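In: sequence first, predicted coordinates after that:
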Amino acid sequence: MPLAETSLAYALHGAAGAVAEVLAGRNLNEVLAGLWRSMPDLPPGQRGAMQDLAYSALRRFGRDDFHLSQLMDKPLRDGPVRGLLLVALSRLAARPEEAHTIVDQAVEAAGALSRGKYKALVNGVLRNFLRRQAELEAAAGQDEVAHWQHPRWWIARLRRAHPDGWQPILEAGNGRPPMTLRVNRRRIAATDYLARLEAAGLAARPLDGGALLLERPVPVERLPGFAEGLCSVQDGGAQRAAQLLDVHDGMRVLDACAAPGGKTAHVLELADVDLLALDADAGRALRVSENLFRLGLLAKVAPADCRELGAWWDGREFDRILADVPCTASGVVRRHPDAKWLRREKDIAQFARTQGEILDALWRVLAPGGKLLYATCSLFPEENGRQVAAFAARQEDCMRLPVAGMPELQLLPNEEHDGFYYALLEKQA
């Protein structure tokens, strides 16, 4: 019997499949995009429910995978059923008062997987968890991965890199991210938009730099004037990039790794500049164009790897370059919880090599006297301070400029913003 589309069982089933695919090595955003394409008539409420269930399960994966290891004699090889148990355990942790319904609906969802042969197992594991919950939670608290819900190597690196702040960083990575807006100042003043939010029943407060932090996240359809380009959703930490780049009217600007286009758009909102936005992925470059169109902004957008100058550079140097380079995304894992479990420690060295190549290539197209802002959403020094120090050491004409009054700016994730790193470099004439 098919699952009712409006039921919790249906949402659990969809989320279980998504979690299983992530644990098999796929990116969560790509998995969910494929799921939505395969279910074009899915009610918006169920889409939100499936997404929330999948994100929550991956945030808690370290803990609930530990619970499964204690509840089962051997690992479960059926990926979707394992995913269902992880999603159900996460839901039980979030809504213990609904335990009976959650178990019942998870068993019903199991009936639609593997011809229903794991229904009894799902029922038994979840009920056993509820009986032994206090014991299991105490044991999880003694296991480093289960307690912090991050891979062991990740915990060790953060402990070394941030000895005075590694615990709050890990706690932030397990939480839900804030929803922050950037007001399109070419269309409306921030104070006026704040009033429109209030009129729509949406509480928000301004942050340093002009970002607006919503009291609680809402679908973008509820944001006044979103479709008309009055605002964008962009983390408060990410909004620092365009401000730190120090752009002025008439400048020639390059956003070298631009997708999805938030920083590109912010630059264009701040000044009348000649801007080229690049992204190595053609599909992601298209997203930049779509975002600029919604906001009523103009730039040249091209699908190109910024390291391959012959494919895109016309020989004219840039006054400003934003290098928001590919990285481990260790500062934004609450938005991308799959990254915690898909990344491997060896990936850091590969990202560092790519970052170094990007810096070397972009330095060649920066005009003397021009500035390059190096940016990551990483918390690992190999991608941040060490990367910039190594680059400055091999470029005699590179001078490091202060960022917000400091040699470099490392934002750690908190209730107002995600984790970001910024360093500003000037090319000596």
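Out: Ah, there it is.
In: CA only for contacts and neighbour counts going forward, please
Out: OK.
In: strands of this structure, start to end?
Out: Ranges of strands within the chain are 180-183, 204-206, 212-214, 231-233, 252-255, 274-279, 300-303, 318-324, 366-376, 398-401, 409-411, 420-427, based on DSSP state E.
In: can you list those strands in CSV and add mean pLDDT, distance to residue 115 and mean neighbour count?
Out: Converted to CSV, those look like this (pLDDT from 0 to 100; distance: least, CA to CA, whole Å; neighbours: other CA atoms under 10 Å):
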stretch, mean pLDDT, distance to residue 115, mean neighbour count
strand 180-183, 98, 44, 24
strand 204-206, 97, 48, 15
strand 212-214, 98, 44, 23
strand 231-233, 98, 42, 21
strand 252-255, 98, 51, 25
strand 274-279, 98, 44, 22
strand 300-303, 98, 45, 18
strand 318-324, 98, 47, 24
strand 366-376, 98, 46, 22
strand 398-401, 98, 62, 17
strand 409-411, 98, 49, 19
strand 420-427, 98, 46, 23
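In: looking at those strands, which is closest to residue 221?
Out: In terms of CA to CA, the element of these nearest to residue 221 is strand 231-233, at 11.6 Å.
In: can you name every helix or strand that the closest one contacts?
Out: strand 180-183 (3 or more CA pairs under 8 Å, 6 or more residues apart in numbering; DSSP states H and E).
In: residue contacts, residue 348?
Out: If a contact means CA atoms under 8 Å, 6 or more residues apart in numbering, then residue 348 has 327-328, 382-383 as its contacts.
In: ok, now residue 429?
Out: Contacts of residue 429 by CA under 8 Å, 6+ apart are 368-369, 397.
In: quick check: longest helix of this structure.
Out: helix 119-141 (DSSP state H).
In: separation between the nearest residue to residue 118 once chain neighbours are set aside and residue 103?
Out: Distances taken as CA to CA, 6 or more residues apart in numbering put residue 110 closest to residue 118, at 6.3 Å, once the chain neighbours are dropped. Using CA to CA, to the nearest Å, residue 110 is found at 10 Å from residue 103.
In: neighbour count: those two, which is higher?
Out: residue 110 (27 against 24; other CA atoms under 10 Å).
In: tell me how far that one lies from residue 292.
Out: 44 Å.
In: using TSV, lay out the strands of the chain together with distance to residue 347.
Out: Formatted as TSV, the strands of the chain follow (distance: least, CA to CA, whole Å):
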stretch	distance to residue 347
strand 180-183	30
strand 204-206	37
strand 212-214	33
strand 231-233	29
strand 252-255	24
strand 274-279	21
strand 300-303	24
strand 318-324	18
strand 366-376	15
strand 398-401	27
strand 409-411	21
strand 420-427	18
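In: of those, give the one that comes closest to residue 51.
Out: For residue 51, the closest of those is strand 231-233, at 17.9 Å, according to CA to CA.
In: quick one: contacts of the closest one?
Out: By CA under 8 Å, 6+ apart, strand 231-233 touches 179-184, 225-226, 262, 295.
In: and for stretch 51-65?
Out: Here stretch 51-65 makes contact (CA under 8 Å, 6+ apart) with 11-12, 15-16, 18-19, 32, 86-87, 89-91, 140, 145-151, 173-175, 334, 336-338.
In: buried ones in that stretch?
Out: 51, 53-65 (16 or more other CA atoms under 10 Å).
In: which of those residues lies closest to residue 428?
Out: residue 59 (45.1 Å).
In: let's have the buried residues of stretch 51-65 in TSV, adding pLDDT.
Out: Shown next, in TSV, are the buried residues of stretch 51-65 (pLDDT from 0 to 100):
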residue	pLDDT
51	96
53	98
54	98
55	97
56	97
57	98
58	98
59	97
60	97
61	98
62	98
63	98
64	98
65	98
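In: low-confidence ranges, the stretch 151-300 of the chain, go.
Out: Scanning the stretch 151-300 of the chain for pLDDT under 70 picks out no residues.
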